[in-house]
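Trainee: Show me the folded form of this:
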Amino acid sequence: MTQPVNLPQETRPQGDILIVDDIAENLEYLSKILNGQGHKVRAVLDGHSALKVAKSARPDLILLDVKMPELDGFEVCQRLKAEPQTRDIPVIFLSALDQTQDKVNGFTIGGVDYVAKPFQAEELLARVNTHLSLRFAQAQVQRLNAELEQRVIQRTAQLEREIGDRLKAQEELLHFITHNPLTNLPNRAFLMQRLGQIFNQMQSREQSSLVLMIVECKHLQLVNNSLGYSAGDQLVVAIVRRLQTALPPTAFLAHFSNDTFAILMENCDDLSAAIALTKVIHNEAVLPFDIADKSLYITFRMGIVQRSASDGKPKYLLRDANTALAQARKKGAAKVQIFNPAMYHRALHFFEIQNELNVAIAQQNLTLVYQPLQSLDKRAVTGLEALVRWHHPVRGVISPSEFISIAEETGLIIALDRYVLRRACIQLCQWQAEGLINGEFRLHVNLSSQQLSQPDFIDYLDQILHDSKANCCNLTLEITEEGLMQEDQTVLQILQQLKQRCIHVSIDDFGTGYSSLSYLQRLKVENLKIDRSFISPNLDGFNDGEDNPAIVRAIIDLAHGLGMTVTAEGVETLARWEQLKALGCDFAQGYLLGRPTSDFRQLFQAAGVNLPTN
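Mentor: Model prediction:
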């Protein structure tokens, strides 16, 4: 993800910005981002309004959507450039179409930059700050020129000194804009300029490649939090010295953010040189840093991309290096990842699903289906599990395993959980009102472990129960074994509060984590759900292993000994149903008893299979 230009708060340019877009959501999103950076923002929905506001307000910068009804962005820009009052206002085009010809047309009629949709906040802010800096620098130069012209008439002897002062100020300003103030290293803006020059030079060469390496220092924020930012700054400076020692003379080092650096190696056709450099850098990190009378240790994670002139543009090079770094983060500390195109497609897909899931939750475009749970003793449906489904209008059915994992990684699982819980409680209330369920019935709703760490969860749960008017005595919350096994007093407190509300708790996916038996005894939950990996359609043994029946029996005995009932997931054959009943399992769930469906009335009638009667 692109990051904003790293300028201190007190020197970051703040300007009057006009946003023009016919989509209100885009205006709100852009306004929120820019207001948060201290900019004054005006927003209009069409080209005619944009022309009026630009003439009257004379903003410092205009963000202009290309595709608009009546007057499109190109026509608006042409009219602005034709008017003396507005011709000098820089225009950045916004468009979802990343077409070269569109960009050429935009630059031809006077646009200064082009930002593609969907927006990346860091990239947008970097471009806005850059062009505001340039505009303010130009205004400063104009003022200086006016003053100098007047002084020439009055004080000719002083002219050379004042011109020298102006040039020095310009050089200092340019240096400040393009360098990190702490380390005095080139920043991302400078690196992008350098990459542009290199790519232009490489066009005339054959078989010439470069390597870009993004280096991230892990644990630097921990130093800031524990020893203070002064110690953190000292550590950053020490890290720079180590990196400079490790780099060959021809390498170019830039400082992106507090804990992130970039290394550029020109004329590097062999990746082995870059890989060898990563080993040298890791060796430097092994040695401690003596900061604030303490020995500090850090680790580096690195993303590497190799590119020739024919392979794209500088911004794509930086994007791909960051994508590789993201993969290195997933692997853990001190990892190096070399970019391949599949990473970009995965990252793009991840980003699209994340954005679209956010919209789907907000617009309530997700649906719930229900799968029955049956008592093995009474051979009757005793409950339903609520499962979320996403029928995307373009992509079709998206697997829960795909979008739920993305939700968990991005934190969207909090909103998704609450969406499902609210919809399920509303449905539960309807069933209760229609007299479809009795006091033993349980509606099972999954809850992520992240939800347990939310300080407002119980309050939100109470609000849902109040709004839906559902009887919580028919509600069971399924929480994964990993989530419940957190050694956190908060978990026990939440479980106690759920018990006070007569809400049952079931340990989901049991057997896949690493449970502490003493902690399991302290939980005092009502049900334990054996993970489907232990329950296989293979009639010769559970999960292709002769030991699995013994494992399942041990789990059942353990749960019963702790006063819990047991539910087996993934029951797909009658033989497996009989085996589980013989082992003393209390409840079963799986395709044998019924597939997830929205036709819940049918689910209340029967399990839908020919079960034994004796």
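
Trainee: what about the strands in the stretch 51-200 of the chain?
Mentor: Here the stretch 51-200 of the chain has its strands, by DSSP state E, counting those that start in this stretch, at 61-65, 91-95, 113-116.

Trainee: swap in the stretch 451-600 of the chain?
Mentor: 475-480, 504-510, 527-530, 565-568, 587-588.

Trainee: what's the burial count for F457?
Mentor: Counted by other Cβ atoms under 10 Å, the residues lying close to F457 total 20. C-betas here are computed from N, CA, C, even on glycine.

Trainee: which ones are touching it?
Mentor: Applying Cβ atoms under 8 Å, 6 or more residues apart in numbering, we find F457 in contact with 451, 494.

Trainee: measure it to N358 for me?
Mentor: Here F457 is placed at a distance of 20 Å from N358 (Cβ to Cβ, to the nearest Å).

Trainee: Likewise for R143?
Mentor: For R143, the distance to N358 equals 46 Å [Cβ to Cβ].

Trainee: what do you get for P248?
Mentor: Taking Cβ to Cβ as the measure, P248 falls 45 Å from N358.

Trainee: For these two, work out which one has more neighbours and name it.
Mentor: N358 (15 against 11).

Trainee: surely that one meets L412?
Mentor: Yes - between N358 and L412 there is a contact at 6.4 Å, judged by Cβ atoms under 8 Å.

Trainee: where in the stretch 151-300 of the chain is pLDDT low?
Mentor: Applying pLDDT under 70 to the stretch 151-300 of the chain flags residues 152, 156-159, 204-207.

Trainee: Including mean neighbour count, could the strands of the stretch 451-600 of the chain go into CSV?
Mentor: Shown next, in CSV, are these (neighbours: other Cβ atoms under 10 Å):
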stretch, mean neighbour count
strand 475-480, 22
strand 504-510, 24
strand 527-530, 26
strand 565-568, 26
strand 587-588, 25
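
Trainee: Residues in contact with stretch 225-234: which ones?
Mentor: Residues from elsewhere that reach stretch 225-234 (Cβ under 8 Å, 6+ apart): 182, 220-221, 223-224, 258, 291-292, 294.

Trainee: 10 Å - rerun?
Mentor: 182-183, 219-224, 235-236, 258-259, 289-294, 296 (Cβ atoms under 10 Å, 6 or more residues apart in numbering).

Trainee: Kindly format the C-alpha coordinates of stretch 477-494 as PDB.
Mentor: The C-alpha trace of stretch 477-494 is given here as PDB (Å, rounded to 0.1, in the frame of the first residue of the first chain):
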ATOM      1  CA  LEU A 477     -22.900 -19.000  21.100                       C
ATOM      2  CA  GLU A 478     -20.200 -21.100  19.400                       C
ATOM      3  CA  ILE A 479     -16.700 -19.900  20.100                       C
ATOM      4  CA  THR A 480     -13.600 -21.600  18.800                       C
ATOM      5  CA  GLU A 481     -11.300 -23.600  21.100                       C
ATOM      6  CA  GLU A 482      -8.500 -21.200  20.300                       C
ATOM      7  CA  GLY A 483     -10.600 -18.200  21.300                       C
ATOM      8  CA  LEU A 484     -11.700 -19.600  24.600                       C
ATOM      9  CA  MET A 485      -8.300 -20.900  25.600                       C
ATOM     10  CA  GLN A 486      -6.900 -17.400  25.800                       C
ATOM     11  CA  GLU A 487      -5.400 -17.000  29.300                       C
ATOM     12  CA  ASP A 488      -7.400 -13.900  29.900                       C
ATOM     13  CA  GLN A 489      -9.600 -13.100  32.800                       C
ATOM     14  CA  THR A 490     -11.800 -11.200  30.400                       C
ATOM     15  CA  VAL A 491     -12.900 -14.400  28.700                       C
ATOM     16  CA  LEU A 492     -14.000 -15.900  32.000                       C
ATOM     17  CA  GLN A 493     -15.900 -12.700  32.900                       C
ATOM     18  CA  ILE A 494     -17.700 -12.800  29.600                       C
END
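
Trainee: what stretches of the stretch 501-614 of the chain score poorly on pLDDT?
Mentor: Flagging of the stretch 501-614 of the chain using pLDDT under 70 yields the residue ranges 512-518, 536-548, 600-614.

Trainee: try 90 this time
Mentor: Scanning the stretch 501-614 of the chain with the threshold set as pLDDT under 90 gives 507-525, 530-552, 554-555, 558, 562, 570, 572-576, 591-614.

Trainee: what about stretch 447-462, distance to the chain center?
Mentor: Distance of stretch 447-462 from the chain centroid (Cα atoms, centre = their mean, to the nearest Å) equals 21 Å.

Trainee: Make JSON lines from the strands of the stretch 51-200 of the chain and add mean neighbour count, distance to F74 and mean pLDDT to it.
Mentor: Formatted as JSON lines, the strands of the stretch 51-200 of the chain follow (neighbours: other Cβ atoms under 10 Å; distance: least, Cβ to Cβ, whole Å; pLDDT from 0 to 100):
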{"stretch": "strand 61-65", "mean neighbour count": "25", "distance to F74": "9", "mean pLDDT": "92"}
{"stretch": "strand 91-95", "mean neighbour count": "22", "distance to F74": "8", "mean pLDDT": "90"}
{"stretch": "strand 113-116", "mean neighbour count": "18", "distance to F74": "12", "mean pLDDT": "88"}
